[in-house]
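1. Mind looking at a prediction? Sequence and model below.
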Amino acid sequence: MPITVATLILAGISLVLQNALMVRITQSASTVLIALVINSSVGLTALMLILISRNGLAGLAEAVGAIRPWALLPGLLGSFFVFAGILGYQRLGAAPTIAVLVASQLLAGLAFDATISGKLTNLSASQLVGAFLLVTGAVLVAGRNA
């Protein structure tokens, strides 16, 4: 569990750095799409190289075989998330963007978990209070920029 939490912390820090660097790319490009294409291209290349090094060309064949129409949605959703993050950093700044993203992710996560379990009553009082506090904090952090 500590490794997972440490990985999540590092991912959070990485996301701040990634968005800050992508905003810098957009400052010297005609459109935010340039930053998105560079980001996606580098990520895809790195992942393909890792897959090939671990599984050879059979790994690529398996990846192609796993493609279904609905399997394209995560890439679209991820690209939208990165686009929204860049837009937020440019227009609101890092802290308000992160506050709104994290609060909305928490609310969606609670709704998802409740839907999967089939019981809204599975949400504890501490989860509801925590969500309320996080959303309130997001409103306070982002409110001056809205």
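-> Cool, got the structure. Everything numeric here is computed off the predicted structure, so don't read it as measured data.
2. So in the protein, which helix runs the longest?
-> Longest helix in the chain by number of residues (criterion: DSSP state H): helix 2-27.
3. distance between that helix and the chain's centre?
-> Here helix 2-27 is found 10 Å from its chain centre; the criterion is Cα atoms, centre = their mean, to the nearest Å.
4. what does stretch 32-49 give?
-> Distance, centroid of stretch 32-49 to centroid of chain: 15 Å (Cα atoms, centre = their mean).
5. and the next element down the chain from the longest helix of the chain?
-> helix 32-55 (DSSP states H and E).
6. just checking, what packs against that following helix?
-> helix 2-27, helix 57-65, helix 73-91 (3 or more Cβ pairs under 8 Å, 6 or more residues apart in numbering; DSSP states H and E). Backbone N, C-alpha and C define where each C-beta goes, glycine included.
7. most neighbours per residue, which of those?
-> helix 73-91 (a mean of 15; mean count of other Cβ atoms under 10 Å).
8. And the next helix or strand past it?
-> helix 94-117.
9. list the buried ones in that next one?
-> Buried positions in helix 94-117, judged by neighbour count with 16 or more other Cβ atoms under 10 Å: 96-103, 106, 110.
10. Helix 2-27 and that one, what's the angle between them?
-> With axes from the mean of the first three to the mean of the last three Cα atoms, to 10 degrees applied, the angle from helix 94-117 to helix 2-27 works out at 130 degrees.
11. Grab the CA positions of the helix or strand just after helix 94-117 and hand them over as CSV.
-> Once helix 94-117 ends, the next helix or strand along the chain (criterion: DSSP H and E) is helix 125-143. Extracted in CSV, the C-alpha atoms of helix 125-143 (Å, rounded to 0.1, in the frame of the first residue of the first chain):
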residue,chain,number,x,y,z
ALA,A,125,-20.4,9.7,6.8
SER,A,126,-16.6,10.3,6.7
GLN,A,127,-16.6,10.0,2.9
LEU,A,128,-19.5,12.4,2.6
VAL,A,129,-17.9,14.9,5.0
GLY,A,130,-14.6,14.5,3.2
ALA,A,131,-16.2,15.1,-0.2
PHE,A,132,-18.1,18.2,1.1
LEU,A,133,-14.8,19.6,2.5
LEU,A,134,-12.9,18.9,-0.7
VAL,A,135,-15.6,20.5,-2.9
THR,A,136,-15.8,23.5,-0.5
GLY,A,137,-12.0,23.8,-0.7
ALA,A,138,-12.2,23.7,-4.5
VAL,A,139,-14.8,26.4,-4.6
LEU,A,140,-12.7,28.6,-2.3
VAL,A,141,-9.5,28.0,-4.3
ALA,A,142,-11.1,28.4,-7.7
GLY,A,143,-13.7,31.0,-6.7
